[in-house]
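[1] Pasting the sequence and the predicted model now:
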Amino acid sequence: MLSPQQSAWLYALPSLTVITACLAPVLLFALRSLSASQPTARESWQLALRSPLSIVSLTIILLSPIFLLSNYSVSSLYLFAVYCVVLACANLLADKVGQRRRVWIALAVWHLFNLLNLLGGNLSLLQPYRTAQQGLLPTIFQISGTAGGSCEYYRVDWCEDSWITFQMIVAFAYIILHVVAFFIVGLRAVEEPAMNYSMRESSEVAGGAEPF
């Protein structure tokens, strides 16, 4: 049984983590605007809302607090959200400055590992991180016991049947958003060399060279 001070900390820490996660894209755009050659923070937001990848990434960040609001002492659920917020911020950054194919290839590999983490898969020993033996959905149940029992009989902070049900519903959308982001990044990695070849061919034709 936790003391009142420990229980208070288990509510204060998730709240601070949620605030940090929500401020992450704001700070990212604000720091980029400090450079004279970069757009202002307002312009960065306007550009982000026009890009499918940025929209998906911002949606992931907005949904992440649902998993950050959990019991950090008995569940690793919050780590799924932490990794996803960091990846979403990397998406936002790459969407603005990622002009080279290797950026998108590296990001696509990261997305693959993150998807495996969310689904509970394990590609190889080279996988850089693994939050739990199981994926996101089974981890949500673990706070109420390994079999997903009722919180009425398994009393612990942040264990509420209605809250767990809500987390389960959001988790499906959360995983789908990461699948969509993975395909967007993958397409960018594939389209980049084709786009460069097309531009090079056009310049050769304009310069009078015979394309082949």
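    The structure has been received and is ready for your questions.
[2] C-alpha from now on. contacts and neighbour counts both.
    OK.
[3] How about the contacts made by the residue nearest to residue 107 when sequence neighbours are not counted?
    Setting aside the residues directly before and after it, residue 107 is nearest to residue 185 in space (Cα to Cα, 6 or more residues apart in numbering), at 7.0 Å. By Cα atoms under 8 Å, 6 or more residues apart in numbering, the contact list for residue 185 reads 53, 104-105, 107-108.
[4] Next, work out how far apart the residue nearest to the spatial centre of the chain and residue 78 are.
    Geometric centre of the chain, nearest residue: residue 84, 2.7 Å, by Cα atoms, centre = their mean. Per Cα to Cα, to the nearest Å, residue 84 is found 10 Å from residue 78.
[5] measure residue 163 to residue 66 for me?
    Distance, residue 163 to residue 66, by Cα to Cα: 9 Å.
[6] which of these two has more neighbours?
    Legend: neighbour count by other Cα atoms under 10 Å for residue 163 and residue 66, higher for residue 66 (18 against 14).
[7] What is whichever strand or helix holds that one packed up against?
    Assessed by DSSP states H and E, residue 66 sits inside helix 65-68. With contacts taken as 3 or more Cα pairs under 8 Å, 6 or more residues apart in numbering; DSSP states H and E, helix 65-68 sits against helix 4-33, helix 77-97.
[8] out of those, deepest packed?
    Sort the helices and strands packed on helix 65-68 by mean neighbour count, taking mean count of other Cα atoms under 10 Å, and helix 77-97 sits at the top with a mean of 20.
[9] just checking, what packs against that helix?
    Using 3+ Cα pairs under 8 Å, 6+ apart: helix 77-97 touches helix 4-33, helix 52-63, helix 65-68, helix 101-119, helix 136-142.
[10] mind checking which of the ones you listed is nearest residue 43?
    Nearest of the helices and strands packed on helix 77-97 to residue 43, taken as Cα to Cα: helix 4-33 at 9.0 Å.
[11] could you check the angle helix 77-97 makes with the closest one?
    Interaxial angle, helix 4-33 versus helix 77-97 (axes from the mean of the first three to the mean of the last three Cα atoms, to 10 degrees): 10 degrees.
[12] State the pLDDT value of residue 189.
    Looking at residue 189, its pLDDT is 85.
[13] what's the answer for the one 5 residues further on, then?
    According to the prediction, residue 194 has pLDDT 49.
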